[in-house]
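A.B. asks: Sharing a model prediction with you, sequence too.
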Amino acid sequence: MRNQSSIVGRKSVPAKKSKSDFKEATNISRCLLTLLGLWLSENPTKLLKKVLLDLSIVICYFLIFFLLIPCALHTFIIEKKPKKQMKMIGPMSFCVMALIKYFFMIIRREKIRGCLHHIEIDWRRVESLEDREIMVKNAKIGRFITSLCATFMYSGGFFYRTILPFALPRKLLPDNTTMRPLPYPVYRPLFNSQNTPVYEIVFTTQWFGGFVIYTITVAACSLAAVLTLHACGQLKIVMSRLNDFVENSVGTDKTLTSKLGEIVDLHFRALQFAVKIEGLLNEICFVEFIGCTMNICFLGYYLITELEQGKSSTIAVVTYLFLITSFTFNIFIYCHIGELLNQQGKKVGTTAYMINWYELPGKNASGLIILLAMSNCPVTITAGKMVELSYATFCNVECHGFYLFSQQTMKIRKH
């Protein structure tokens, strides 16, 4: 259906350039997914590659469970004080979040590969510099979002796992020795984590376990951003083609029908891709949306209790504020890309109506009706097919939470 002569006044893009553009658009996601054993190469039949992928998954699972199980046993069996139990429920919930998201990403590895292959084909189909500029711009936005998410998440994690444990007051054990700090407490009957070299091994393993759960969070955000913004780019190309369709509406009815067919084909392909994204991400978005909201509440509680003590640690307050910002940013990103996809879908219908369609032959003008009809029901990103991710959702949930947090903080200051 597509041919070079149908694009009037457009400069073609070399095939090598399209291949390098695809690699650049997905380079951060590729690195993150490779670390997690989720990146399926073009030739996944090689035994060594399959073994390395499976080994990466086993190591990631081991590190997550090494954080979760000893901490849960200590929290619910050894620790009897409710405040200290609450102190550890937040970090454990974050581990559970990462575990669930990682599980869904593993069972959907083939779908992830299919979506990335779809993006690669779209880059190969680029026939003009104008289309390439649109796709490159959206790819840059996707990389920028991923970079911001990684900066917030890894920075907050570094403070929480490396600086905060050594900034908190030391505890004295019954044998009059000082308890050395760990990011996560360990169930003592399993092993004594205070002895050398066990302490060093446990601390290092917990540090790498934290790196894994932060990488899972960033990888999920990166995947959502890259896929959704690529779909938005394809819808922008549809709008660009619609404008060119009227401005360059010269030729026979057959030529115009062919051009309109290309536009409808491109729009349909973009909508198909958006449906794939929703099917791939809706459980991950649900876990992220519910989990981040819960963790913001926990962190707000930790911050309030820290301020209530009077002699609050500056590093602890900064760490909690950094983590609150990070989780809030994560939810905002999912809502932002959901809003973008929804709005771009609606704009296709608006563009189809606003162009000078009345200058087209009647048969070709009536062909735009299908675009108007399909744009009435734009594809959206949902959290578990229950909550539509949009600016309105972010404001309703997060802003209300911050209002309650600010009210509680004001009460503490008054006392």
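C.D. replies: On my side now, so go ahead.

A.B. asks: tell me the contacts of residue 263?
C.D. replies: Neighbour list for residue 263: 238, 241-242, 245, 371 [criterion: CB atoms under 8 Å, 6 or more residues apart in numbering]. (Each C-beta comes from the backbone N, C-alpha and C, glycine too.)

A.B. asks: export those to a markdown table and tack on neighbour count and secondary structure?
C.D. replies: Shown next, in a markdown table, are the contacts of residue 263 (neighbours: other CB atoms under 10 Å; DSSP: H, G, I helix; E, B strand; the rest coil):
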| residue | neighbour count | secondary structure |
| --- | --- | --- |
| 238 | 27 | helix |
| 241 | 22 | helix |
| 242 | 22 | helix |
| 245 | 22 | helix |
| 371 | 20 | helix |
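
A.B. asks: will you turn these into TSV that also has pLDDT and distance to residue 110?
C.D. replies: As requested, the contacts of residue 263 are arranged in TSV below (pLDDT from 0 to 100; distance: CB to CB, whole Å):
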residue	pLDDT	distance to residue 110
238	90	28
241	87	31
242	85	34
245	77	37
371	79	31
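
A.B. asks: Specify which member of those is nearest to residue 208.
C.D. replies: The nearest member of these to residue 208, counting by CB to CB, is residue 238 at 44.9 Å.

A.B. asks: how near is the closest one to residue 368?
C.D. replies: Using CB to CB, to the nearest Å, residue 238 is found at 12 Å from residue 368.

A.B. asks: can I get the contacts of residue 263 in a markdown table with distance to residue 362?
C.D. replies: Listed next are these as a markdown table, based on distance: CB to CB, whole Å:
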| residue | distance to residue 362 |
| --- | --- |
| 238 | 22 |
| 241 | 21 |
| 242 | 18 |
| 245 | 15 |
| 371 | 16 |
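
A.B. asks: With respect to residue 128, which of those residues is nearest?
C.D. replies: Nearest member of the contacts of residue 263 to residue 128, counting by CB to CB, is residue 241, at 9.8 Å.

A.B. asks: distance of the closest one from residue 259?
C.D. replies: Separation of residue 241 from residue 259 (CB to CB) stands at 8 Å.

A.B. asks: Find the centremost residue of the protein, please.
C.D. replies: residue 221 (1.2 Å; CA atoms, centre = their mean).

A.B. asks: Would you agree residue 92 is in contact with residue 70?
C.D. replies: No: contact criterion CB atoms under 8 Å: residue 92 and residue 70 do not qualify, at 10.8 Å.

A.B. asks: of the two, who's got more company?
C.D. replies: residue 70 (22 against 18; other CB atoms under 10 Å).

A.B. asks: Spit out the contact partners of the more buried one.
C.D. replies: Applying CB under 8 Å, 6+ apart to residue 70 gives the contacts 184-187, 190.

A.B. asks: So which of those is the closest to residue 264?
C.D. replies: The closest of the contacts of residue 70, once distances to residue 264 are taken by CB to CB, is residue 184, at 54.7 Å.

A.B. asks: Since that was my last question, I'll sign off now.
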